[in-house]
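Visitor: below are the sequence and a predicted model; questions follow.
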Amino acid sequence: MANETDLEMALTMMTEPPQSPSNTLLMARGVAPAMARNKRTVFDWLYKAGITGIGIAERTCAGTRLKGDLALKIYVERKRPERKLDFVIPKRLQFAGLPTLETDVEEIGKIELHSNTARVRPAPPGFSIGLATQPQEAGTFGLVVRKKGATGGPYYLLSNSHAIAASGWANKGDKIVQPGCYDGGAVPADIIASLNDWVPFQYTDTGFPNTVDCAIAELEAGVATTTIAQLGVPKGINTEVARGTEIQKMGRTTTFSVAQVLDVHLRVPATYPNANGTLGRVGFSDVVMTSFYTAGGDSGSGVLDMENNVVGLHMAGSPVIGIFCKIGNVLDQLGVEVVTEEITDA
């Protein structure tokens with residue numbers, strides 16, 4: 001049975017640049033990937049069409065998860081017979097300084113960016129919001145936050161960059177409406193916030209340099225509440241989410257749902273619009289895969305454990321799984337903290 005530390009080292013070697021601090025440290029310890037004769041690593045297949053992610057999770061057999069039996073998970077859009085494949089995922093991987101590690105291929109479907117849709121005042125997290133300049137889009141008001149160390153306001157709503165910041169191509173000051181325009185929101189009657197900040201994406205052909213899809217918008221005075229619909233006020237944050245943890249969320253499309261954490265080491269590519277209006281590859285690492293609990297429009301939902309501690313921010317999913325950003329990464333990169341006291345007029 002594979003050791004989780006060995007799997008984490010292998011995952012780093014496979015997905016981070018050779019010159020990264022993590023890989024430099026591992027190579028100094030004698031850990032290195034096997035090399036192909038053409039001097040390229042044997043992991044080029046990670047970037048083939050149909051590979052939707054890589055991480056560490058329990059092996060599956062006939063749809064059943066084998067408790068405690070960890071493997072390097074290779075997630076694919078669809079499993080196909082080997083005779084129909086252009087390439088075959090290796091069943092075992094070799095690393096100098098590590099034991100032979102087995103892979104486990106799991107079909108999760110196509111990953112897509114992911115509705116309580118009514119107008120509500122004060123606006124609660126868990127309901128539809130959107131960028132006023134994007135009439136065909138809507139996401140979810142995730143949480144109320146404030147700048148780190150602040151007491152009182154101003155307060156900000158937290159959601160995904162792709163939900164309220166046009167994936168980073170909107171302008172500071174752009175208006176956010178509740179509900180989103182797609183759900184009937186209008187300017188100026190339904191404005192609740194102004195876009196304030198977001199974490200820019202790094203677009204790359206390979207690698208996984210991003211860890212978050214997040215943005216904040218400064219709330220208008222008195223228009224929102226910290227009470228998440230049906231869930232209540234967050235108790236705190238939990239930055240140590242583990243496999244098997246039950247989580248819950250309230251979102252625009254699927255409203256209340258519960259799921260289980262499957263993989264806390266996920267590396268996954270996603271497609272986002274870039275500056276010229278075309279689509280580009282954005283690789284994510286240190287994000288979390290769960291069992292299915294969301295659909296389109298739930299993007300930006302706050303994800304909580306069953307004790308009401310925030311663990312993440314939902315960002316994407318497929319027909320069988322969900323993906324969220326870890327809340328520690330989100331808060332650190334935006335310089336904010338979750339508001340954990342009840343405020344009905346934020």
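Guide: Thanks, I have the structure now. Source: prediction; values computed, not measured.
Visitor: surely residue 171 and residue 195 touch.
Guide: Yes - using C-beta atoms under 8 Å, residue 171 is in contact with residue 195, at 7.1 Å. C-beta: built from backbone N, CA, C; applies to glycine.
Visitor: between these two, which has more neighbouring residues?
Guide: residue 195 (25 against 9; other C-beta atoms under 10 Å).
Visitor: okay, now residue 279: neighbour count?
Guide: 12.
Visitor: check residue 178 too.
Guide: 26.
Visitor: contacting residues for it?
Guide: 119-120, 123, 127-129, 141, 185, 190, 192, 223 (C-beta atoms under 8 Å, 6 or more residues apart in numbering).
Visitor: now, these that are in strands?
Guide: 128-129, 192 (DSSP state E).
Visitor: turn those residues into CSV, columns for pLDDT.
Guide: Shown next, in CSV, are those (pLDDT from 0 to 100):
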residue, pLDDT
128, 97
129, 98
192, 98
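Visitor: and the residues you listed, which is closest to residue 214?
Guide: residue 129 (13.8 Å; C-beta to C-beta).
Visitor: I'd like the distance between that closest one and residue 217.
Guide: Computed as C-beta to C-beta, to the nearest Å, the residue 129 to residue 217 distance reads 8 Å.
Visitor: neighbour count: these two, which is higher?
Guide: Taking neighbours as other C-beta under 10 Å, residue 129 and residue 217 compare with residue 129 leading, 30 against 27.
Visitor: what is the more buried one paired to in the beta sheet?
Guide: In this entry, residue 129 is beta-bridged to residue 139, by DSSP bridges.
Visitor: my read: it touches residue 141, true?
Guide: Yes - using C-beta under 8 Å, residue 129 is in contact with residue 141, at 4.6 Å.
Visitor: what number of residues lie near residue 339?
Guide: Residue 339 has 21 nearby residues by other C-beta under 10 Å.
Visitor: to clarify, my last question referred to residue 283.
Guide: So residue 283, with other C-beta under 10 Å, has 22 neighbours.
Visitor: so it sits in a helix?
Guide: No - counting by DSSP: H, G, I helix; E, B strand; the rest coil, residue 283 is not part of a helix but strand.
Visitor: skip the chain neighbours and tell me the closest residue to it.
Guide: residue 208 (3.7 Å; C-beta to C-beta, 6 or more residues apart in numbering).
Visitor: please identify the helix or strand for the one you found.
Guide: Element membership for residue 208 (DSSP states H and E) is empty, with no helix or strand holding it.
Visitor: check it and give its pLDDT.
Guide: The model reports residue 208 with a pLDDT of 96.
Visitor: shaky segments in the protein?
Guide: Counting by pLDDT under 70, the chain shows low-confidence ranges at 23-29, 31-42, 113-115.
Visitor: can I see the domain layout of it?
Guide: 4-107, 119-219, 236-335 (automatic domain parsing).
Visitor: for residue 342, which of those is the nearest?
Guide: domain 119-219 (10.4 Å).
Visitor: before we move on, what SS does residue 45 have?
Guide: Under three-state DSSP, residue 45 comes out as helix.
Visitor: gap between it and residue 87?
Guide: Taking C-beta to C-beta, one finds residue 45 at 5 Å from residue 87.
Visitor: cool, and residue 220?
Guide: Taking C-beta to C-beta, one finds residue 220 at 53 Å from residue 87.
Visitor: more neighbours: the two, which one.
Guide: residue 220 (17 against 12).
Visitor: the more buried one touches residue 188, doesn't it?
Guide: No - at 10.5 Å, residue 220 does not count as touching residue 188 under the criterion of C-beta under 8 Å.
Visitor: look up phi and psi at the closest residue to residue 191 other than its chain neighbours.
Guide: In space, residue 191 comes closest to residue 175 once its chain neighbours are excluded; the distance is 4.8 Å by C-beta to C-beta, 6+ apart. Phi and psi for residue 175, reported as degrees, to the nearest 10, are phi -90, psi 140.
Visitor: try residue 316
Guide: phi -170, psi 180.
Visitor: and it, bridged to which residues?
Guide: In beta-bridge terms (that is, DSSP bridges), residue 316 pairs with residue 113, residue 323.
Visitor: ok, residue 304 touching residue 246?
Guide: No - here residue 304 lies out of contact with residue 246, judged by C-beta under 8 Å, at a distance of 10.1 Å.
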